[in-house]
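**Student:** Everything below, folded, please.
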Amino acid sequence: MSSKKRREETKKLKEQIPTATLKELMDRGELPEGFHLFSLQEMKEYNRKKNKEHREAFKERLKKYDFIDENEWW
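**Tutor:** Numbers count the residues shown, from 1 in each chain. Modelled structure (predicted):
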């Protein structure tokens, strides 16, 4: 099968599949309940908080080892 014919077949298949962009769904009001797109700032804040919690848990686990110097790890 030539590449042109394959592209045409692929295009026909894609046209048969109903798809919609997020903007189209928002315009029609068909978003799932509780759907929220996070901004870059919100994601940075979320990751900062999550990483802080992980660091604190790691510090707690290290406290049981007496051979680890706190100043070298944090």
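**Student:** gap between Lys4 and Ile17?
**Tutor:** Plainly put, Lys4 is 21 Å away from Ile17 if you go by C-beta to C-beta, to the nearest Å. Quick note: C-beta positions are derived from backbone N, CA and C, even for glycine.
**Student:** repeat for Tyr65
**Tutor:** Tyr65 sits 56 Å away from Ile17, taking C-beta to C-beta as the criterion.
**Student:** Same question for Lys59.
**Tutor:** To Ile17, Lys59 is 50 Å away according to C-beta to C-beta.
**Student:** neighbour count winner among these two?
**Tutor:** Comparing Lys59 with Ile17 by other C-beta atoms under 10 Å, the one with more neighbours is Lys59, at 12 against 6.
**Student:** Next one, pLDDT for the more buried one please.
**Tutor:** Per-residue pLDDT puts Lys59 at 83.
**Student:** Can you tell me the number of residues neighbouring Ile25?
**Tutor:** Quick fix: residue 25 reads Leu, not Ile. Neighbour count for Leu25, taken as other C-beta under 10 Å: 13.
**Student:** For this protein, which segments count as strands?
**Tutor:** In the chain, no strands are defined using DSSP state E.
**Student:** which one's the longest helix in it?
**Tutor:** helix 40-62 (DSSP state H).
**Student:** Output it as CSV - backbone C-alpha positions only.
**Tutor:** Taking Å, rounded to 0.1, in the frame of the first residue of the first chain, the C-alpha atoms of helix 40-62 are listed here in CSV:
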residue,chain,number,x,y,z
LEU,A,40,1.2,26.2,36.6
GLN,A,41,1.3,28.1,39.9
GLU,A,42,-1.2,25.8,41.5
MET,A,43,0.9,22.8,40.5
LYS,A,44,4.1,24.3,41.8
GLU,A,45,2.5,25.0,45.1
TYR,A,46,1.1,21.5,45.3
ASN,A,47,4.4,19.9,44.5
ARG,A,48,6.2,22.2,46.9
LYS,A,49,3.9,21.1,49.7
LYS,A,50,4.1,17.4,48.8
ASN,A,51,7.9,17.5,48.7
LYS,A,52,8.1,19.3,52.0
GLU,A,53,6.0,16.5,53.6
HIS,A,54,8.3,13.9,52.0
ARG,A,55,11.4,15.6,53.4
GLU,A,56,9.9,15.8,56.9
ALA,A,57,9.0,12.1,56.8
PHE,A,58,12.6,11.3,55.6
LYS,A,59,14.1,13.4,58.5
GLU,A,60,12.0,11.4,61.0
ARG,A,61,13.2,8.1,59.6
LEU,A,62,16.8,9.3,59.7
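**Student:** Alright, that wraps it up for me.
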